[in-house]
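[1] Provided below are the primary sequence and the corresponding predicted coordinates.
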Amino acid sequence: MVIGEAALVALAAAIYLFDCVVLLERGQALIAGGSLSFGSRHYQISGKAVALMNPLTPFIPAFRSLPLFAKNPGVKLSAALRAHAPLAALAALQFLLIFAALPFCLYRAPGWPFFVALVLSYLNAIVMLVFLFLNFRKRSIPARPLAGLGFGWIVCLPLSVNCLRAAGVGVPLGMDAMQAIRFLAESEKQGARTALAAQVAEAMEEIDEGDERHGKLAALALQLELESGNGRL
């Protein structure tokens, strides 16, 4: 019986960790907690870089910037942050319910305490979904993707732990990586520029020199080099 319970907890953790994986296009950045990530340069799926959101911080919203040279009016980062920030406490509570309260009750109190913790987990997931929907509508953020996400959170409860970031990653943010770097602390900017420059260099290798995109990439690489030299953005 203990082995079965341990397997159930391990399965829930594996599902959650898998949900923390985000795929990024070339030059697309994952924005979370005042930092940028461009994913792994060694692990890719279908030509997209694999990025892993911190499994211990599901209460910090995450977003994806536009890929290189993509055009999208999108949603302002400030509006997206205001729509997600009020749910940070609920996301932290869901993390504790799923990976602390439920496993403890499963092992130590499998009766009514476990049932109460389970009901609270579902109720909290529904409350987060409702608040996200209302906040999205209030700030004119497309709320339709929440229908599919919410169904997954209810059917597979471990996915609800990541609801704040999963909803954020699906927001069509109107900002590319170069613009996102401007919001970073000075100590973070140089590392972000270096990572983006590496993405640009790889993209240039994949495109013929006669292609118009190659010229745009070369101009972007030069801009990054100049800004790295004088410390401005």
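    All right, it came through fine. Numbering: from 1, shown residues only.
[2] so residue 65 sits right up against residue 175, yeah?
    Yes. Taking contacts as C-beta atoms under 8 Å, residue 65 lies within contact range of residue 175: 5.3 Å. Backbone N, C-alpha and C define where each C-beta goes, glycine included.
[3] the more surrounded of those two?
    Taking neighbours as other C-beta atoms under 10 Å, residue 65 and residue 175 compare with residue 65 leading, 26 against 21.
[4] quick one: the more buried one from residue 126, how far?
    30 Å (C-beta to C-beta, to the nearest Å).
[5] Just the CA trace of stretch 53-65, in PDB.
    What follows is stretch 53-65, C-alpha atoms only, in PDB (Å, rounded to 0.1, in the frame of the first residue of the first chain):
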ATOM      1  CA  MET A  53      10.500  27.100 -15.200                       C
ATOM      2  CA  ASN A  54      11.600  26.900 -11.500                       C
ATOM      3  CA  PRO A  55       9.500  24.100 -10.000                       C
ATOM      4  CA  LEU A  56       9.700  25.800  -6.500                       C
ATOM      5  CA  THR A  57       8.200  29.100  -7.600                       C
ATOM      6  CA  PRO A  58       4.800  28.500  -9.200                       C
ATOM      7  CA  PHE A  59       3.600  31.700  -7.600                       C
ATOM      8  CA  ILE A  60       5.800  33.900  -9.800                       C
ATOM      9  CA  PRO A  61       4.100  34.700 -13.200                       C
ATOM     10  CA  ALA A  62       5.900  33.700 -16.400                       C
ATOM     11  CA  PHE A  63       5.500  35.000 -19.900                       C
ATOM     12  CA  ARG A  64       7.000  34.400 -23.400                       C
ATOM     13  CA  SER A  65       8.300  37.300 -25.500                       C
END
